[in-house]
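**Q** Sequence first, predicted coordinates after that:
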Amino acid sequence: MTAPHPTPDLFALSEIQGPVLRPGAPGYADEVTGFNLAALHTPDVVIGATSPHDIVTALRWASATHTPVAVQATGHGANYPIDHGLLINTTRMTDVTITPETRTAKISAGAKWRHVLDAAAPHGLAALTGSSTDAGVIGYTLGGGLPVLGRTYGYASDLVHSFQVVTPDGILHETDATQEPDLFWALKGGKGNVGIVTSLTCDLLPLPTILGGGIYCAGEDAEPLLTTWAEWTRHVPEEMCSAFTLLRLPPIPQIPEPLRGGFWARVAVAWTADPAEGEALLATIRDAAPVVVDTVEEMPYAAMDRIYMEPQDPLPARESCSLIRELPPEAVRAFLSHAGPQVTDFPLLMVGLRHMGGALSRPPRAEDAICARDANYLMEAVGVLAAPPAAEAIEQATTSLHHAMSPYGTGHTMVNIHGTPGNAEDRARAWTPEVLTRLRQAKKTYDPNNLLRYGHTVA
Ligand SMILES: Cc1cc2nc3c(=O)[nH]c(=O)nc-3n(C[C@H](O)[C@H](O)[C@H](O)COP(=O)(O)OP(=O)(O)OC[C@H]3O[C@@H](n4cnc5c(N)ncnc54)[C@H](O)[C@@H]3O)c2cc1C
């Protein structure tokens with residue numbers, strides 16, 4: 001039997017402006033619940049931070065009481081439950097300040113990409129969001145941030161100038177490429193290992209519109225569509241950002257007709273140059289198989305959620321990824337034999353391949369902890385954990401798909417989409433051995449007592 005956790009002395013937290021709640025208190029459940037309902041957190045105490053000062057106070061208390069600390073903005077990256085210690089909820093810290101003259105944004109800990117896109121759009125500016133603008137800017141960027149427009153502009157963390165971060169000793173640091181460069185390095189791709197970020201400042205892009213959307217064919221046409229897409233991605237310019245996805249959609253009202261309840265093979269695209277040129281390139285994809293739904297159009301950048309149509313409502317999900325070096329015809333066959341139309345009762349909601357390369361393969365302007373520059377594709381798999389038999393089937397299908405694709409992979413994952421971190425060997429897959437060694441050194445320097453031990457940590 002596990003010993004009950006001692007009741008923490010919360011007196012020192014009384015100067016925190018936001019709520020400080022113990023299990024059972026009114027509001028506790030709302031404070032700990034995030035997007036991934038598979039991870040139901042039950043920390044000994046949760047605080048709703050309203051400012052960097054609240055985070056400093058919380059970390060000083062945690063350091064003095066040796067209490068482990070976790071942080072959550074949206075819960076998009078919550079892959080397993082936090083069952084003790086302190087959880088810092090940053091959802092109240094959503095300030096976004098745009099400086100149009102320098103084309104930069106200062107973004108607070110709890111802001112989602114939606115907040116940034118809405119603030120930047122009136123200035124004709126865009127930010128390097130991923131496939132869902134509902135994800136938090138900080139958690140996403142700390143994992144490198146693989147943007148929809150990554151082939152054209154690189155990783156989101158490439159555009160970061162500075163972070164404001166509180167280390168577990170409760171000290172607030174301003175770090176950039178020249179001030180505490182090791183801390184800055186570890187925050188760009190090293191995830192939440194070394195501190196709690198209260199804000200970051202990054203570049204924006206002058207990009208009011210893009211050509212984007214999804215080309216949907218019947219799932220049964222996956223083979224010609226994927227074969228054509230794989231070949232096409234070897235030649236398209238960096239301005240073409242795309243992904244191939246197999247979607248087995250449930251018949252729920254949140255999914256629009258005619259996609260609702262269907263099995264689809266989709267190529268999602270975002271083209272960042274002259275729309276007419278982009279349309280010409282897309283002819284190859286549209287000719288590959290009969291197109292059932294085509295949503296590609298010139299759109300305001302702020303409407304880019306239409307491209308991937310990621311779920312917006314919380315759900316219990318199991319995600320995973322592998323970085324793929326090349327997609328020769330035998331890799332296409334391996335992918336389809338494990339996830340294609342012939343696989344009846346395939347239990348995953350979506351499996352896909354995002355095209356990488358281009359600017360994602362170039363060195364960053366300041367060195368970082370990202371280890372995906374040698375990959376040309378990212379394969380991701382997402383299942384919805386409805387009930388235990390489904391969970392087992394999802395686990396099996398996920399494992400055998402990744403195994404089948406491993407001959408074509410780099411052996412690594414991208415930390416943002418790694419899914420539930422397992423043992424040390426599994427966690428290590430998100431970084432190269434050299435980066436992992438340096439990250440462990442940074443962890444020793446900034447979090448010697450391993451207070452930040454939740455999430456994808458390396459101690
Ligand atoms: C639908 C969907 C689409 C996605 N698309 C993409 C994509 O296109 N590209 C991509 O790269 N990723 C993508 N992701 C993964 C996403 O980037 C990660 O889940 C990321 O962790 C989300 O950050 P969050 O703050 O929203 O999540 P949270 O669950 O709130 O946080 C996750 C982790 O981030 C860290 N973290 C969060 N805030 C802080 C902070 N203030 N200081 C220190 N650490 C912090 C912590 O380690 C925390 O455990 C997607 C996820 C989903 C669910």
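**A** Thanks, I have the structure now.
**Q** Setting aside sequence neighbours, what's the nearest residue to the residue of the stretch 151-300 of the chain found nearest the ligand?
**A** When scored by CB to the nearest ligand atom, the stretch 151-300 of the chain has residue 192 as its residue closest to the ligand, at 2.7 Å. Placement of C-beta: from N, CA and C, glycine included. With sequence-adjacent residues excluded and distances taken as CB to CB, 6 or more residues apart in numbering, residue 192 is closest to residue 455, at 5.2 Å.
**Q** is residue 409 in a bridge, and if so with what?
**A** Beta-bridge pairing for residue 409 (DSSP bridges): residue 324.
**Q** Tell me who's in contact with it.
**A** Taking CB atoms under 8 Å, 6 or more residues apart in numbering as the contact definition, residue 409 lies against 322, 323, 324, 325, 379.
**Q** Pull the number of nearby residues for the residue lying closest to residue 35 once chain neighbours are set aside.
**A** Leaving aside its chain neighbours, residue 35 sits nearest to residue 75 (4.2 Å; criterion: CB to CB, 6+ apart). Residue 75 has 21 neighbours, counted by other CB atoms under 10 Å.
**Q** Look at residue 75 and tell me its secondary structure.
**A** What DSSP: H, G, I helix; E, B strand; the rest coil gives for residue 75 is coil.
**Q** Show the average pLDDT along stretch 161-181.
**A** Computed over stretch 161-181, the mean pLDDT rounds to 97.
**Q** so, in contact with the ligand or not, that stretch?
**A** No. Counting by CB under 6 Å from any ligand atom, the ligand has no neighbours in stretch 161-181; the shortest distance is 7.2 Å.
**Q** Repeat that for stretch 117-130.
**A** Yes. With CB under 6 Å from any ligand atom as the measure, stretch 117-130 is seen reaching the ligand through residue 130.
**Q** List the buried residues in that stretch.
**A** By 16 or more other CB atoms under 10 Å, the buried positions in stretch 117-130 come out as 117, 119, 120, 121, 123, 124, 125, 126, 127, 128, 129, 130.
**Q** got the contact list for residue 272?
**A** Residues near residue 272 by CB under 8 Å, 6+ apart: 149, 152, 153, 207, 210, 239, 241.
**Q** And the buried ones among the residues you listed, selectable in ChimeraX?
**A** Buried residues within the contacts of residue 272, by 16+ other CB under 10 Å, are selected in ChimeraX with:
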select :149,152,153,207,210,239,241
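**Q** count of neighbours near the residue of the stretch 201-350 of the chain found nearest the ligand?
**A** Closest to the ligand within the stretch 201-350 of the chain is residue 310: 3.9 Å, counting by CB to the nearest ligand atom. A total of 15 residues lie near residue 310 under the criterion other CB under 10 Å.
**Q** Can you tell me the SS state at the closest residue to residue 294 other than its chain neighbours?
**A** Nearest residue to residue 294 in three dimensions, chain neighbours excluded: residue 215, at 5.4 Å (CB to CB, 6+ apart). Secondary structure, three-state DSSP: residue 215 is strand.
**Q** Neighbours of residue 215, how many?
**A** Around residue 215 there are 23 residues (other CB under 10 Å).
**Q** likewise residue 259?
**A** When neighbours are counted by other CB under 10 Å, residue 259 registers 17.
**Q** which bits of this structure sit near the ligand?
**A** Residues of the chain lying close to the ligand (CB under 6 Å from any ligand atom) are 34, 71-78, 90, 109, 130-132, 135-136, 138-140, 142-143, 145-146, 191-192, 196-197, 310, 416-417, 455.
**Q** Distance check, residue 176 against residue 160.
**A** Remark: distance between residue 176 and residue 160 (CB to CB, to the nearest Å) = 8 Å.
**Q** Looking at these two, which one has more neighbours?
**A** When neighbours are counted by other CB under 10 Å, residue 176 and residue 160 differ, and residue 160 comes out ahead with 26 against 15.
**Q** about what we covered before: which among the contacts of residue 272 gets closest to residue 182?
**A** If you rank those by distance to residue 182 using CB to CB, residue 153 comes first, at 25.6 Å.
**Q** contacting residues around the residue nearest to residue 35?
**A** Per CB under 8 Å, 6+ apart, neighbours of residue 75: 33, 34, 35, 36, 39, 314.
**Q** Please identify the buried residues of the helix or strand hosting residue 293?
**A** Counting by DSSP states H and E, the element that carries residue 293 is strand 291-294. Neighbour-count burial for strand 291-294 flags 291, 292, 293 (criterion: 16+ other CB under 10 Å).
**Q** Give me the contact list for that strand.
**A** 213, 214, 215, 216, 217, 218, 258, 259, 264, 286.
**Q** Please repeat the previous calculation with a cut-off of 7 Å.
**A** The contact list for strand 291-294, computed with CB atoms under 7 Å, 6 or more residues apart in numbering, reads 215, 216, 217, 218, 258, 259.
**Q** Quick check: closest non-adjacent residue to the fifth one.
**A** With CB to CB, 6+ apart as the criterion, residue 258 has its nearest non-adjacent residue at 6.5 Å, and that residue is residue 293.
**Q** Dig out what that neighbour forms beta bridges with.
**A** Beta-bridge pairing for residue 293 (DSSP bridges): residue 216.
**Q** Pull the most distant pair out of the contacts of residue 409.
**A** 325 and 379 (11.1 Å).
**Q** surely residue 54 meets residue 16?
**A** Yes. The criterion here is CB atoms under 7 Å, and residue 54 meets it with residue 16 at 4.7 Å.
**Q** Just the buried residues of the contacts of residue 409.
**A** Here, 16+ other CB under 10 Å leaves 322, 323, 324, 379 buried among those.
**Q** now those residues in CSV, with pLDDT?
**A** Shown next, in CSV, are the buried ones among the contacts of residue 409 (pLDDT from 0 to 100):
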residue, pLDDT
322, 98
323, 98
324, 98
379, 98
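**Q** With that, I have no additional questions.
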